[in-house]
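Engineer: Here's a sequence, model it:
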Amino acid sequence: MTNSLSFDHFSEYGSTRQEKEARAIAAELARRDQESLKLYEPHKIQKLFHQQRACEVLFQAGNRVGKSLAGFVEDARAVTGQDPYKKYPDENGVLVLVGMDQAHIGRTMHKYLFRPGSFWLIEDKRSKKLRSYRPWNKADVKRKHERVMAPPLIPERFVNQKSWSWYDKRSYAFKSVELVNGWTIYAYSSTAKPAQGFQADLIHIDEDLETYDWYAEMVARLTDRDGYLRWTALPHAKNEALTNLTERAEDEEEEHGTDYKKRDVVVCRATIFDNPHLPKKAVERNVAIWRNEGEDVYRQRALGELTTDSVLMYPSFSKQLHNGLRDDPPLHPAVAELRARGGTPPKSWCRYVTIDPGHQICAALLWAVPPPEEYGVCKFVYDEIYIPQSDAAKFANAMAAKTDGYSFQEFIFDMHGGRLTSTAGGKQPYQIYSEELERRDVRCELTQSNFTAGSPDIPGRVQVLRELMRIEKRFPALFVLIDRCPNLVRELVRFKKKKTARGVVLDEGERKRTATHAVECLEYGAHHGLVYVKPPQRLKRSSLASQLIKEKKHRKAKRRAKNAGRQYDHIPLGAIGDGVQQ
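Structural biologist: Got it, this is the predicted structure:
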């Protein structure tokens, strides 16, 4: 294969020594020109991954998408001072690699970084130089037999060969190695206890972790050096680390969108169809195999989705199917009615409130039940109350604002939480809540400012709610106004089942470590039944401001009557604005 520099250019050096030096320089330049980092051609998702300056970046993808290659290229660029985005120090840095187990260190990490074969190269016909093999190019495919393996991502010239430390040298499972520029690379297995006592500029977690503790400890190790964490993984759910990181990224994406400069956590997602380096026939064959093994396998391995349906408490909940304001057909007649009214339920619909009191978070859901003879049996959650650091007064103020002018049939209350702690005055919390509602004239038809106890039967509540979410005759019986109930939706899609120490999934919700305040309100409503009762016809309750205005007009009219020398007993409110007739 022809080098990029011809040796004939150095014939002017008469001395054999000079000629040898020139040839050595030319050979070294040619060798460096053909190093893997110079020839690496990232696809669009890999390039997006490399560009990120967020503290934590997850490359979440299916099989054969190039996530691990991108992760180890990022490592090699960092430790050799060749990162084009200048995120890392050129010298004296620390890279920490974390794999699932010791075998992963030798089989994957050492192989990508220090052995040939991370990707394929082929000689370009025009330039006569090596470049990445492009399987979408028919000419390359015809010359497939000419491919050669790319050299190690970290060239040998960077490695201090005397510095190697090994777990098992025969299987390439290394502990650490030093580079000539002062960078040190450490490799750890997540089956051991989390490593401590170091600071890092870059931590790369490849694939899954044995325990959540590793993730928490690695984040702490980045603090002093203001370092970066990069995670490349097929979407697993062995522990909460990966799912929690994904959820944090989703929260930041909702807040900042694609303005990556404002985000601390980013997830780069790729499917098998995003990798142009894979032959089309191989992709089709793999997809067919994964589809045959089941939808979850296909979604995980081909689409790179975090399939948590088997561990979610309410996997059938869908933001699309259960959206009370969905705009795509078919539309439930009650949904069409609600859309026509801008999301405000008609006064002919029966309303309920379910309440989960608490100081850390106080949650309540507002329900509307349409007449079943017109719309069939269905229920809508049309609004929510979600107050951090709450108390009875704050809750009552929120209820007054949400319920003013409407008739509510019943207030359903988590009486278990409401009875847990007595106050200094001997009153239980639910009594305090009731009194605060009464002060603000917030009442329901059945119990006035008092409450109906929500069911303490947790398994029963779960079962009834799951039944409500099922699709029957094209529609579920439960609808949620997604945009008006963001906290409920967030809790629903993150509410997972408990796992035993051995990883066995139980059909029991993890309610202690997961926010379920709004979800429990949903369960109370489902178990109660929320039967439709025709609301009474009454005038809208006057607000405090309108009452004060009426009283002021009343006093003014009384003074006018007194000044006119007449006895004043009563003035119809309709005549106040017209003054007093003589």
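
Engineer: so what's the residue nearest the centre of the chain up against?
Structural biologist: In the chain, the centroid-proximal residue (C-alpha atoms, centre = their mean) is residue 247; its distance is 2.2 Å. For residue 247, the contact set (C-beta atoms under 8 Å, 6 or more residues apart in numbering) comprises residue 494. C-beta coordinates here come from the backbone N, C-alpha and C atoms, glycine included.

Engineer: For the helix or strand encompassing it, list every residue counted as buried.
Structural biologist: For residue 247, the host element (DSSP states H and E) is helix 240-256. Using 16 or more other C-beta atoms under 10 Å as the test for burial, helix 240-256 gives 240, 241, 242, 243, 245, 246, 247, 248, 249, 252, 253.

Engineer: quick one, strands of the stretch 51-200 of the chain?
Structural biologist: 56-61, 94-99, 120-123, 130-132, 148-149, 165-168, 173-178, 184-189 (DSSP state E, counting those that start in this stretch).

Engineer: Please work out the average pLDDT along the next helix or strand after the helix holding residue 247.
Structural biologist: Under the assignment DSSP H and E, the closest C-terminal helix or strand after helix 240-256 is strand 265-270. Average pLDDT, strand 265-270: 89.

Engineer: Kindly report the same for stretch 463-472.
Structural biologist: In this model, stretch 463-472 carries a mean pLDDT of 91.

Engineer: which residues are contacting that stretch?
Structural biologist: With contacts defined as C-beta under 8 Å, 6+ apart, stretch 463-472 is touched by 314, 316-317, 321-322, 379, 476-478, 522-523, 526-527.

Engineer: Just the CA trace of stretch 444-459, in CSV.
Structural biologist: Output of stretch 444-459 as CSV, limited to C-alpha atoms (Å, rounded to 0.1, in the frame of the first residue of the first chain):
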residue,chain,number,x,y,z
CYS,A,444,-69.4,19.3,48.6
GLU,A,445,-72.9,18.0,48.3
LEU,A,446,-72.5,14.8,50.4
THR,A,447,-70.4,15.9,53.4
GLN,A,448,-70.1,19.7,53.2
SER,A,449,-66.6,20.6,54.2
ASN,A,450,-65.9,17.1,55.6
PHE,A,451,-64.5,14.1,53.8
THR,A,452,-65.2,10.5,52.7
ALA,A,453,-62.4,8.1,53.6
GLY,A,454,-60.5,6.7,50.6
SER,A,455,-60.0,3.0,50.5
PRO,A,456,-57.0,1.6,52.4
ASP,A,457,-57.1,-1.6,50.2
ILE,A,458,-54.0,-1.0,48.1
PRO,A,459,-54.2,-4.2,46.0
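
Engineer: Check residue 57 and give its pLDDT.
Structural biologist: Residue 57 is given a pLDDT of 95.

Engineer: What is the burial count for residue 27?
Structural biologist: By other C-beta atoms under 10 Å, the residues close to residue 27 number 13.

Engineer: A helix includes it, no?
Structural biologist: Yes: counting by DSSP: H, G, I helix; E, B strand; the rest coil, one finds residue 27 located in a helix.

Engineer: and this protein, what are its domains?
Structural biologist: 53-119+159-270, 333-528, 544-576 (automatic domain parsing).

Engineer: closest to residue 34 out of those?
Structural biologist: Among the domains of the chain, the nearest to residue 34 by C-beta to C-beta is domain 53-119+159-270 (11.8 Å).

Engineer: How are the strands of the stretch 301-450 of the chain distributed by residue range?
Structural biologist: 350-356, 361-369, 379-388, 410-413.

Engineer: for the stretch 201-350 of the chain, which spans come out with low pLDDT?
Structural biologist: Along the stretch 201-350 of the chain, the parts satisfying pLDDT under 70 run over 236-239, 294-296, 299-300, 304-310.

Engineer: Go again with 50.
Structural biologist: Counting by pLDDT under 50, the stretch 201-350 of the chain shows no low-confidence range.

Engineer: Residue 413 against residue 433, yeah?
Structural biologist: Yes: counting by C-beta atoms under 8 Å, residue 413 touches residue 433, with 7.4 Å between them.

Engineer: who touches both of these two?
Structural biologist: With C-beta under 8 Å, 6+ apart as the test, residue 413 and residue 433 both reach 355, 357, 451.

Engineer: Give me the distance between the second one and residue 521.
Structural biologist: Here the distance between residue 357 and residue 521 works out to 10 Å (C-beta to C-beta, to the nearest Å).

Engineer: Neighbour count: these two, which is higher?
Structural biologist: More crowded of residue 357 and residue 521, by other C-beta under 10 Å: residue 521, with 29 against 24.

Engineer: Where does the more buried one fall, secondary structure wise?
Structural biologist: Per DSSP H and E: helix 517-528 holds residue 521.

Engineer: Specify the angle between that helix and strand 361-369 in degrees.
Structural biologist: 40 degrees (axes from the mean of the first three to the mean of the last three C-alpha atoms, to 10 degrees).

Engineer: Next, the buried residues of helix 517-528.
Structural biologist: 517, 518, 519, 520, 521, 522, 523, 524, 525, 526, 527, 528.

Engineer: Just the closest of those to residue 485, please.
Structural biologist: Nearest to residue 485 among the buried residues of helix 517-528, with distances taken as C-beta to C-beta, is residue 518, at 7.3 Å.

Engineer: hang on, the earlier thing: minimum distance to residue 150: which of the domains of the chain has it?
Structural biologist: In terms of C-beta to C-beta, the element of the domains of the chain nearest to residue 150 is domain 53-119+159-270, at 4.9 Å.

Engineer: ok, residue 163 touching residue 178?
Structural biologist: Yes: counting by C-beta under 8 Å, residue 163 touches residue 178, with 3.8 Å between them.

Engineer: for the helix holding residue 247, the distance to its chain's centre please.
Structural biologist: 3 Å (C-alpha atoms, centre = their mean, to the nearest Å).

Engineer: list the contacts for the residue nearest to residue 475 when sequence neighbours are not counted?
Structural biologist: Nearest non-adjacent residue to residue 475, counting by C-beta to C-beta, 6 or more residues apart in numbering: residue 332, 4.8 Å away. Contacts for residue 332 (C-beta under 8 Å, 6+ apart) come out as 375, 378, 475, 479.

Engineer: Looking at the residues you listed, state which has the most neighbours.
Structural biologist: residue 479 (24 neighbours).

Engineer: quick one: buried residues of stretch 219-230?
Structural biologist: Applying 16+ other C-beta under 10 Å to stretch 219-230 flags 219, 221, 222, 225, 227, 228, 229, 230 as buried.

Engineer: Most widely separated two among the residues you listed?
Structural biologist: 225 and 230, at 14.5 Å, using C-beta to C-beta across the buried residues of stretch 219-230.

Engineer: if I pick the closest residue to residue 437 other than its chain neighbours, what's in contact with it?
Structural biologist: Leaving aside its sequence neighbours, residue 437 sits nearest to residue 449 (C-beta to C-beta, 6+ apart; 4.2 Å). The contact partners of residue 449, taken as C-beta under 8 Å, 6+ apart, are 434, 435, 437, 438, 442, 443.

Engineer: Ok, residue 526 next?
Structural biologist: 461, 464, 465, 468, 478.

Engineer: Quick check: residue 233 vs residue 44, distance?
Structural biologist: From residue 233 over to residue 44 (counting by C-beta to C-beta), the distance is 19 Å.

Engineer: and these two? which has more neighbours close in?
Structural biologist: Under the neighbour definition other C-beta under 10 Å, residue 233 and residue 44 were set side by side, and residue 233 has more, 22 against 12.

Engineer: phi, psi of the residue nearest to the more buried one when sequence neighbours are not counted?
Structural biologist: Using C-beta to C-beta, 6+ apart and skipping the chain neighbours, the partner closest in space to residue 233 is residue 207 (5.3 Å). With angles defined as degrees, to the nearest 10, residue 207 sits at phi 60, psi -150.

Engineer: so how many other residues sit close to residue 207?
Structural biologist: There are 21 residues near residue 207, going by other C-beta under 10 Å.

Engineer: on that earlier part again, report the two of the contacts of stretch 463-472 separated the most.
Structural biologist: 321 and 527 (21.7 Å).
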